[in-house]
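Student: no sequence on this one, just coordinates:
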């Protein structure tokens, strides 16, 4: 990992009228690491990500990507620069088959520049590249699953489709917004190797999660948010031992369980 | 207790399944299943001017084709891009006025005015509609509604471009056969062209913009740009039909911004079957002759279509074409549960 | 001075035209393209009651407003409720109904100079040294009273607060037990009555023509866009901006440029600040 952070978020604040959803949050991410962001519901995690990726304009603060100021840029420009994200409320293109879902990100200027999943050279037939990406993600190649309409697939497949949509852009950072939510234990267990392989392929990941056990196993560092403010940042072991974090999650059984299994 | 329950089940017809993919070549019967509807459409349209009794009805066919172009563009924008264009009259008016000006002031013959006014008109319409493209759908509807109304009033108030009298003395086509076959050909080209377009990659981007524009933005694609392309295509069709209209009637005036041109494409789409691109054409073939027959009733006919339109929407009817396609491809039967 | 006075009059007129549209859109997110139609309906009903049935003017006004409100509520109840949520169908249905009503009137014969409503008070007074019709002064007074009472209504009565609640967040309002369908019908009824009120106040200044319906629709929409779709305060303030702009245009350029002002106002708003002055939808796409 290099020393220069790939993404720097400085004092980002977002206020919706009287409600301050994100309050002067500052953090850095280094290349090829996995940062987990946790916090109770309403702590501003998704709003923070929306500010970083350009879906919402931050009230104040700055965001730097590889040293370039990307604060306030429109969302598609930020995605074009290499920061892609998944959505908490899943949004595949329901009226299209799965592999056609990937044609759209493959149509973007970034995919045309970077050659999509294959990398380098011409993009070729987007349908085939789409099927390739789906295979990487875990859809069986010769089955009928990639050809089914996206509206007919269960959650596990759709979460993978979201990741595939990000991958089609050959991103440098992927921000996963609660990608484990709604999945069963076995489905999560089969997604963790995928995440680890993405990290090995050189992609930096930010994961917002509530499933702390799996997150702690996968991530390099954790950041805790509460009421829009950063409470603490550190390695999973440090976070698990910290008193402030226990206060934040006071009374939550799951956290108690995770802590006690440290 | 022996309660027998049944439900209705829709099953693809055998012949539809057999014609999926390459197997369609297997027999003449299966080939004809696929090609017949399209052949009937094409051949039917092409021989229509020949069988029409008299010049009046031949002109009606031309007018139907002009409305069809507008209706196809409305269907495309509404059901494939998600933009409801309530002002088709705007495209017709802009295309028509440009053609008329090019013809009377600069002396270009129709063979030049039509392409130029199509492209120039589409550019102007796109630029004028550009401010509302990054915004939510309802803004586009409102702005597209207002433009024809405003243009009519501005032309009348400022008395430019011929004012209420309009621009007269526009050349017509060389002869009436060219007149009719040109518009017919345009309709066929647009119809099949758009059907191809919506299945191309760029067409998928349009449909994605309708389905879920946040995901499109997250994929690094500028929504405004692609909506602008879609509006350009749709307004090109509208301006083309406006230019043809002006050359058919040899006159260009405020009435081109009239509500007829705005409401008939919408009604034709809803009645004919939204989302099929053929449905609107069919809808025009139904509505426009009725409109001509009702011409004596004045603007009552607009009331008539509007009410039918509302009835179709409220009762969630799927439209003639969608119903027809369903019947053609599938059959229903009762199945015991 | 004349500019100030006529500016105020024009602005108040625009405000009363636009408030009905803003009310309906704010509460139920349905653009009521039949707004202009309801304006003409009220004028026609008043005229019929007054001249046809020879009722007292005040009685005709009250009855006409109630009838217009009922018609608006019926439109919502029987048509728009069924297409609630399907954006494309809502827009088309509302447009088609508005069109049906207006063109129906046009066919029925409302054109030309034959139909007028009498003014409330004859005569004029001099403000400063500018002669102003008493009727226009009355308009300003009544509109100011209406705007004030609307503010009080939405801030202090149960139904008014419910409407505001729905305008802010429909789901939250549902959770608090506010029946969103019923509220939307109420909003539509009020919106229609406001359109009717505008008709009653403004039609005596001219004739009852169908074109007025379209003009009202255009102006109402222009004011609402500049003020921000969904913001009631914004509509009032935008009405003043556009109203004064129109009067200034009339004075310096010519009366026929008024509509151009409306068009330019819309375009500038959409380019510079698309959500309008007080648009509550700060993020113009839906929240992620």
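Tutor: Received the coordinates, thanks. On a predicted model such as this, the values are computed, not experimentally measured, just so you know. Numbers count the residues shown, from 1 in each chain, chains lettered A, B, ... in the order given.

Student: residue in the stretch 1-150 of chain B with the shortest distance to chain C?
Tutor: Among the residues of the stretch 1-150 of chain B, residue B:131 lies nearest to chain C; the distance is 3.6 Å by Cβ to the nearest Cβ. In this view, the C-beta of every residue, glycine as well, is placed from N, C-alpha and C.

Student: show me the contacts for the closest residue to that residue other than its chain neighbours.
Tutor: Leaving aside its sequence neighbours, residue B:131 sits nearest to residue C:270 (Cβ to Cβ, 6 or more residues apart in numbering or on different chains; 3.6 Å). Contacts for residue C:270 were tallied using Cβ atoms under 8 Å, 6 or more residues apart in numbering or on different chains; they are B:131-132, B:135, B:139, B:143, C:225.

Student: now residue C:270: how far from residue B:140?
Tutor: Taking Cβ to Cβ, to the nearest Å as the criterion, residue C:270 is separated from residue B:140 by 10 Å.

Student: now for these two: what residues contact both?
Tutor: In the contact map built from Cβ under 8 Å, 6+ apart, the residues linked to both residue C:270 and residue B:140 are residue B:132.

Student: quick check: residue B:113 is in a helix.
Tutor: Yes: counting by DSSP: H, G, I helix; E, B strand; the rest coil, residue B:113 falls inside a helix.

Student: and for it, the neighbour number?
Tutor: A total of 26 residues lie near residue B:113 under the criterion other Cβ atoms under 10 Å in any protein chain shown.

Student: same deal with residue B:224?
Tutor: The tally of other residues near residue B:224 (other Cβ under 10 Å) stands at 15.

Student: tell me which element it falls in.
Tutor: In the assignment (DSSP states H and E), residue B:224 maps to helix B:223-249.

Student: that helix near chain A at all?
Tutor: Yes: judged by Cβ under 8 Å from any Cβ of the partner chain, helix B:223-249 and chain A are in contact via residue B:223.

Student: if you count contacts, what does that helix end up packed against?
Tutor: Based on contacts counted as 3 or more Cβ pairs under 8 Å, 6 or more residues apart in numbering or on different chains; DSSP states H and E, the elements that helix B:223-249 packs against are helix B:54-75, helix B:88-106, helix B:110-129, helix B:176-197, helix B:201-211, helix B:213-218.

Student: need the next SSE after it, C-terminal direction.
Tutor: Using DSSP H and E, the helix or strand that directly follows helix B:223-249 along the chain is strand B:251-252.

Student: that following strand - what's its average pLDDT?
Tutor: Rounded to a whole number, the mean pLDDT of strand B:251-252 is 79.

Student: partners of that strand in the sheet?
Tutor: Looking at strand B:251-252 with DSSP bridges, its paired strands and their directions are strand B:167-168 (antiparallel).

Student: where does the stretch 151-262 of chain A have low pLDDT?
Tutor: Confidence mapping of the stretch 151-262 of chain A against pLDDT under 70 gives the ranges A:250-262.

Student: how many neighbours does residue 82 have?
Tutor: In the absence of a named chain, chain A is used. For residue A:82, the count of nearby residues is 20 (other Cβ under 10 Å).

Student: switch to chain C, that's the one I care about
Tutor: Taking other Cβ under 10 Å as the neighbour definition, residue C:82 ends up with a count of 16.

Student: residue A:68 too?
Tutor: Per other Cβ under 10 Å, the neighbour tally for residue A:68 reads 9.

Student: show me which residues of the stretch 1-150 of chain C are close to chain B?
Tutor: Remark: the part of the stretch 1-150 of chain C in contact with chain B comprises C:29, C:31, C:33, C:78-79, C:82-83, C:87-89, C:91-93, C:95-97, C:99-100, C:103-104, C:106-107, using Cβ under 8 Å from any Cβ.

Student: returning to what we had before: distance of the residue nearest to residue B:131 relative to chain A?
Tutor: 17 Å (Cβ to the nearest Cβ, to the nearest Å).

Student: and that residue, which of the three is it?
Tutor: Per three-state DSSP, residue C:270 ends up helix.

Student: where in chain C is pLDDT low?
Tutor: Using pLDDT under 70, chain C drops low at C:85-86, C:109-115, C:119-129, C:279-288.

Student: so where does the residue of the stretch 1-150 of chain C found nearest chain B fall, helix or strand?
Tutor: When distances are taken as Cβ to the nearest Cβ, the stretch 1-150 of chain C approaches chain B most closely through residue C:100, which lies 3.6 Å from it. Under the criterion DSSP H and E, the helix or strand holding residue C:100 is helix C:87-108.

Student: start to end distance for stretch B:15-29?
Tutor: One end of stretch B:15-29 to the other measures 9 Å (Cα to Cα, to the nearest Å).

Student: any residue of it up close to chain A?
Tutor: No: Stretch B:15-29 stays out of contact with chain A when judged by Cβ under 8 Å from any Cβ, the minimum separation being 12.1 Å.

Student: re earlier: can you put the contacts of residue C:270 in a markdown table and add neighbour count?
Tutor: Putting the contacts of residue C:270 into a markdown table (neighbours: other Cβ atoms under 10 Å in any protein chain shown) gives the following:
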| residue | neighbour count |
| --- | --- |
| B:131 | 18 |
| B:132 | 25 |
| B:135 | 19 |
| B:139 | 22 |
| B:143 | 26 |
| C:225 | 29 |
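
Student: pipe these into JSON lines and attach secondary structure per row.
Tutor: Formatted as JSON lines, the entries for the contacts of residue C:270 read as follows, by three-state DSSP:
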{"residue": "B:131", "secondary structure": "helix"}
{"residue": "B:132", "secondary structure": "helix"}
{"residue": "B:135", "secondary structure": "coil"}
{"residue": "B:139", "secondary structure": "helix"}
{"residue": "B:143", "secondary structure": "helix"}
{"residue": "C:225", "secondary structure": "helix"}
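
Student: which of these sits closest to chain A?
Tutor: Chain A lies nearest to residue B:135 out of the contacts of residue C:270, by Cβ to the nearest Cβ, at 13.6 Å.

Student: surely the closest one and residue C:273 touch.
Tutor: No: counting by Cβ atoms under 8 Å, residue B:135 stays clear of residue C:273, with 11.3 Å between them.

Student: got any residues that touch both of the two?
Tutor: Residues within reach of residue B:135 and of residue C:273 at once, by Cβ under 8 Å, 6+ apart: there are none.

Student: pretty sure residue A:4 contacts residue A:67?
Tutor: Yes: distance between residue A:4 and residue A:67: 7.4 Å, which falls inside the contact criterion (Cβ under 8 Å).

Student: overlap in contacts of the two?
Tutor: Contact criterion Cβ under 8 Å, 6+ apart; residues shared by residue A:4 and residue A:67: none found.

Student: sec struct for residue A:222, please.
Tutor: strand.

Student: give me the neighbour count for it.
Tutor: 26.

Student: beta partners for it?
Tutor: residue A:36, residue A:234.

Student: which residues touch it?
Tutor: Listed by Cβ under 8 Å, 6+ apart, the contact set of residue A:222 reads A:35-38, A:215-216, A:233-236, A:239.
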